[in-house]
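Asker: Quick one, fold the following:
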Amino acid sequence: MRKFCSLLMIMMLFSLAAGCKEKTETKEAARKAGPSEKTIVTVNGAPITLGDVNFRLRQSHHGAKLSPEVKKQAVDEMVTQELLYQEGLRLGLDKDPKYREMVMDMRRRMEAVQRAEMARRVFNSEIAARVTITADDAKKYYEKNAGKIRTELHLEQIRFRDETAASKALERIKGGLSFEDLAREKYPKVKGAGRAPWDLGFMRWNQMPVEWLDEVYSLEKGQVSGIVRGEKTGIRIFKLLDSRENPEADFESMRSSITNRMRDEKIREAYDKYIEGLRGKATIEKGEGWALLKK
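Answerer: Numbering: from 1, shown residues only. You can find the predicted model right below:
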């Protein structure tokens, strides 16, 4: 039964994919696209293509080399499912609200995958691929930031689920609560010897996310930071315990890290500018459902 349900779900995905494709091109044009769109069999006029079969086999056999008998069996199963699908339509089972909701969720999921993949391709080709960092760029960056790059920081940190919690914690610290006592509240189950989980130890410049740098390198020994926000690192508050020089952090040793960091920074800047340009040319209007977001 489990196998049947899994196969049925796969078949539904095939149907959804075909529906989206028909929005932009006819079935006849799709068949001319290449061998994968050649029809293997039709069931009451509904085509099952080589691409459909290969997709089904990849899902169930994970790319293993298969015999013709296995492939024919897969086609036979797909024919059976198509017959059942068509019978369900004849019986009106597609009008069931739960079925329609499930199909809509699957369609949204597939459209989300399509948007994410296209966004990735635009990002790579139109933004990331256009960013270059020269050796001279890296050298100038090192000379400007050598003080930070050659300094390791011994940091403690507390992470918060949202800014409200971080703001309340910061107010308690300003009111006299020690950073360590607050950290113990956050991690109450920690006992015994060894470094506390909020103690990050000494960290090098290239070990820290870019979002941390300005804040943590502005701290004096024993000082607690403000709220530090990072898209991937979340919301945190830091305390600087100590700092020390790293004499090995010369330009040649750090060149690769500097180049990567500069590239990341430039890509982020280029991305923001690109999105701003797209938004500036777009017509974005609030629909009737906008007010529902507030409920």
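
Asker: Go ahead and flag the most central residue of this structure.
Answerer: In the chain, the residue lying closest to the centroid (C-alpha atoms, centre = their mean) is Ala116, at 8.8 Å.

Asker: For that residue, report the pLDDT, please.
Answerer: Ala116 is assigned a predicted lDDT (pLDDT) of 97.

Asker: Which strand or helix spans it?
Answerer: Assigned by DSSP states H and E, Ala116 belongs to helix 97-122.

Asker: Tell me how far that helix lies from the chain's centre.
Answerer: 15 Å (C-alpha atoms, centre = their mean, to the nearest Å).

Asker: Give me the packing partners of it, helices and strands only.
Answerer: With contacts taken as 3 or more C-beta pairs under 8 Å, 6 or more residues apart in numbering; DSSP states H and E, helix 97-122 sits against helix 2-21. (Each C-beta comes from the backbone N, C-alpha and C, glycine too.)

Asker: Mind checking the pLDDT average for the helix it packs on?
Answerer: In the prediction, helix 2-21 has an average pLDDT of 45.

Asker: Next: stretch 174-191.
Answerer: 87.

Asker: Contacts for that stretch next, please.
Answerer: Contact partners of stretch 174-191, identified using C-beta atoms under 8 Å, 6 or more residues apart in numbering, comprise 156, 158, 169, 172-173, 196-198, 224, 237, 239.

Asker: and if you look at stretch 209-227?
Answerer: Contact partners of stretch 209-227, identified using C-beta under 8 Å, 6+ apart, comprise 148, 151, 153, 155, 163, 166-167, 170, 173, 179, 205, 208, 228-233, 235-243, 261, 264-265.

Asker: which of these are buried?
Answerer: The neighbour count (16 or more other C-beta atoms under 10 Å) marks 153, 155, 166, 170, 173, 179, 205, 208, 228, 235-241, 243, 261 as buried among the contacts of stretch 209-227.

Asker: In contact with Leu155, which residues?
Answerer: By C-beta under 8 Å, 6+ apart, the residues touching Leu155 are 200-201, 203, 216, 238-241.
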